[in-house]
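> Fold the stuff below for me.
(4 chains)
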Protein chains: 2
Amino acid sequence: MNTLISREQDYALRIVAYLAGLKSGETLSVKELSKKLAISKSFAARIVHKLKNSGILGTVQGKFGGVFLKANPEELSLLDVLKIVGFNSRLNACLYDDYICPFEDICKFHTFFIKLEKQILDTLSKKKINEFQFFT
Amino acid sequence: MNTLISREQDYALRIVAYLAGLKSGETLSVKELSKKLAISKSFAARIVHKLKNSGILGTVQGKFGGVFLKANPEELSLLDVLKIVGFNSRLNACLYDDYICPFEDICKFHTFFIKLEKQILDTLSKKKINEFQFFT
DNA sequence: ATAATATATTACTAATCGAGTAATATTAAC
DNA sequence: GTTAATATTACTCGATTAGTAATATATTAT
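The predicted structure is shown next:
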């Protein structure tokens, strides 16, 4: 099994999409969130924390604390969320900046992969979280 | 570093594209091939062997033996080659057949990923090896 | 026959990464 | 102070990748 998007990144998308469905002012505990989305509590907590550090989530500590979406789900793209949780996948190794290709310009695969990858990333950044809300 | 296409699969593409440039009847030893493409001889040999088993390459054993392309490079797609060397990557884990999703139909990410992945695979199967020949 | 030079085939290793778990600290409501 | 929440770090297990090494087998030239 090899995937462009890791489990953690997938979970992050689902967490944000789920929170986008909360009413304004409402919060949800990580415990509830992890139950609803079938993610372990520890794992969910770690992801939530990363998302909070980036500013797109807000959290309330202490008893009756919880989590809520701060960003506007109509402007927040899938790629935004993915990058927050470390998305760095490429179509092919030769697309990484520090890759030294012995064929430089003559390799037609390189230019082909660049184009295809751009298409994928464009799609991921055009799609916004509000289109993926649960229960709407 | 995480890539959809592994090094081995990338090498396979390059090997096939390189062989597509040989004159009819000509063969090239794995040793030469590995030098030209900057792949270790052992690794190249293993890949060549897989490609030969699938039928798209022919090999001649013994002294003055070598390797040549049997398939028609105008009909051989990138996806064909990738699959021969074990390409099985997916955009997201939920796309694997044996993945049990607790959300079944209600998850909008699932349908989105299916569509995007189909686009990628279509592109990879429309592109044929002859478009990627070296030195033409 | 034998030496030389190819491919064929398998086994091994080292490193990295992903996924998840566990434990503890900190914070805030009551 | 107790309870229940997030914050933070460390750890483990397993799978995968990339590459190496070693040996077997095949073919041809001499």
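> How about the lengthiest helix in chain A and chain B, touching?
For chain A, the helix that runs over the most residues, judged by DSSP state H, is helix A:108-126. Yes: interface with chain B: helix A:108-126 contributes A:108-109, A:112, A:116, A:119-120, A:123-124 (C-beta under 8 Å from any C-beta of the partner chain). The C-beta positions use only the backbone N, C-alpha and C, and glycine is treated the same way.
> wait, which of these is closest to chain B?
A:Lys108 (4.6 Å; C-beta to the nearest C-beta).
> Distance-wise, check the residue nearest to that closest one when sequence neighbours are not counted relative to DNA strand D.
In this structure, A:Lys108 finds its nearest non-sequential neighbour in B:Phe132, 4.6 Å apart by C-beta to C-beta, 6 or more residues apart in numbering or on different chains. B:Phe132 sits 19 Å away from DNA strand D, going by C-beta to the nearest atom of the strand, to the nearest Å.
> Which strand or helix spans the spatially most central residue of chain A?
Taking C-alpha atoms, centre = their mean, the centroid of chain A lies closest to A:Leu82, which sits 2.5 Å from it. Element membership of A:Leu82 [criterion: DSSP states H and E] is helix A:78-84.
> Counting by contacts, list what that helix packs against.
Contacts defined by 3 or more C-beta pairs under 8 Å, 6 or more residues apart in numbering or on different chains; DSSP states H and E place helix A:78-84 against helix A:7-19, helix A:41-54, helix A:108-126.
> who's in contact with A:Leu33?
Shown in contact with A:Leu33 (C-beta atoms under 8 Å, 6 or more residues apart in numbering or on different chains): A:15, A:18-19, A:39, A:44, A:48, A:67.
> I'd like to check the angle between the helix or strand where it lies and helix A:7-19, please.
In this assignment (DSSP H and E), A:Leu33 forms part of helix A:30-37. Helix A:30-37 and helix A:7-19 are oriented at 100 degrees to each other (axes from the mean of the first three to the mean of the last three C-alpha atoms, to 10 degrees).
> Burial check on A:Gln9, number of neighbours?
As a burial measure, A:Gln9 scores 23 neighbours (other C-beta atoms under 10 Å in any protein chain shown).
> right, I mislabeled it, should have said A:Val30
Neighbours around A:Val30, by other C-beta under 10 Å: 22.
> The closest residue to A:Leu13 other than its chain neighbours and chain B: what is the separation?
In space, and not counting its chain neighbours, A:Leu13 is closest to A:Val81: 5.5 Å by C-beta to C-beta, 6+ apart. Using C-beta to the nearest C-beta, to the nearest Å, one gets 11 Å for the distance from A:Val81 to chain B.
> Now stretch A:68-88 - C-alpha only, CSV.
This file holds the C-alpha atoms of stretch A:68-88, laid out as CSV (Å, rounded to 0.1, in the frame of the first residue of the first chain):
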residue,chain,number,x,y,z
PHE,A,68,-13.9,24.5,16.6
LEU,A,69,-13.1,25.8,13.1
LYS,A,70,-11.7,29.3,12.9
ALA,A,71,-11.0,29.5,9.2
ASN,A,72,-13.6,30.1,6.6
PRO,A,73,-14.5,26.8,5.1
GLU,A,74,-15.4,28.5,1.8
GLU,A,75,-11.9,29.7,1.4
LEU,A,76,-10.0,26.9,3.1
SER,A,77,-8.7,24.4,0.4
LEU,A,78,-8.0,20.8,0.7
LEU,A,79,-4.4,21.6,-0.1
ASP,A,80,-4.2,24.1,2.7
VAL,A,81,-5.2,21.5,5.2
LEU,A,82,-3.0,18.8,3.8
LYS,A,83,0.1,21.0,3.9
ILE,A,84,-0.5,21.9,7.5
VAL,A,85,-0.1,18.2,8.4
GLY,A,86,3.0,17.8,6.4
PHE,A,87,1.9,17.0,2.9
ASN,A,88,5.0,16.9,0.8
